[in-house]
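*Asks:* give me a model of this one.
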Amino acid sequence: MPRDTLTADRIVRAAIELLDDEGLDGLNMRSLAKRLGSAPTAVYWHIKTKDDLVRLAADAIWHEVELPDLDASDWRTAATTHATGMHTMLTRHPWLGQAFSSHLLYGPGKARHDDLSLALYEKAGFAADEADQAAATVFIFVIGSALGHAIELSLKHRLSKNGADAEQLMADAVTRAAETARQFPRLRERLGTTAATEYAAAPDNTFTFGLQSLLDGFEARLAADNASRRE
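*Replies:* All right, here's what the predicted structure looks like:
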């Protein structure tokens, strides 16, 4: 593809597809150019560095998360919708969780969600500084809940570099971990669960349980603050 037929947007979209397939470790300008049918120099003409490319790709995928209408729903419903949307996006693009720890990420896509989160928790009744804390708490929880997918993708890519069977290596590791778990009574009782049979998996419905527990805590804190102000 000639340089003048490429656009930054087309490059970013192709980079997202490559990142979804190969993870951060699999992204390089040569592979991206091949996917675009172009020369690496044509890609560099539009986006100068790999770091810039990751930053642009990371910000672009935030537009996949729908912003809840705060005027059309109560704060808790909006918080659940927003957090669930973020979690779905992070699960769809597991490399983003990795990118937070290795790249400087910023841009309007992420900023609009940060602003929405602050408005959401201010609507709930938190003062500005506590709204910051509430938004950060939920965001950290969402990222942590999606990390299992990022870990699995990165690990599979690393294990298969020399032609090894990554799936088999991970299955063997789970088997050895189960042998260790049999020495501990509570772990032994749970050996048949999803979390015990799949590498980096969490118990079923962990995200929903954790999110609703966080929101329960916020609601209780707000109720206690309101009660103390009435005294």
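*Asks:* helices and strands of this protein: which one bottoms out on pLDDT?
*Replies:* In the chain, no helix or strand scores lower on mean pLDDT, DSSP states H and E than helix 194-197, which sits at a mean of 74.
*Asks:* can you point out the buried residues in that helix?
*Replies:* Neighbour-count burial for helix 194-197, counted by 16 or more other C-beta atoms under 10 Å, picks out Ala196. Placement of C-beta: from N, CA and C, glycine included.
*Asks:* so how far is that helix off the chain centroid?
*Replies:* 21 Å (C-alpha atoms, centre = their mean, to the nearest Å).
*Asks:* ok, the residue nearest to the spatial centre of the chain - contacts?
*Replies:* The chain has Leu90 as the residue nearest its centroid, 2.9 Å off, counting by C-alpha atoms, centre = their mean. Neighbouring residues of Leu90 by C-beta atoms under 8 Å, 6 or more residues apart in numbering: Leu96, Gly97, Val142, Ile143, Ala146, His149.
*Asks:* let's have the residues you listed in CSV, adding neighbour count, pLDDT and distance to Thr41.
*Replies:* Formatted as CSV, these follow (neighbours: other C-beta atoms under 10 Å; pLDDT from 0 to 100; distance: C-beta to C-beta, whole Å):
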residue, neighbour count, pLDDT, distance to Thr41
Leu96, 26, 94, 28
Gly97, 23, 87, 31
Val142, 23, 95, 39
Ile143, 17, 93, 36
Ala146, 22, 89, 35
His149, 18, 75, 34
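*Asks:* the closest residue to Asp25 other than its chain neighbours: which element?
*Replies:* Closest residue to Asp25 apart from its sequence neighbours, by C-beta to C-beta, 6 or more residues apart in numbering: His157 at 5.1 Å. In this structure, His157 is located in helix 128-159 according to DSSP states H and E.
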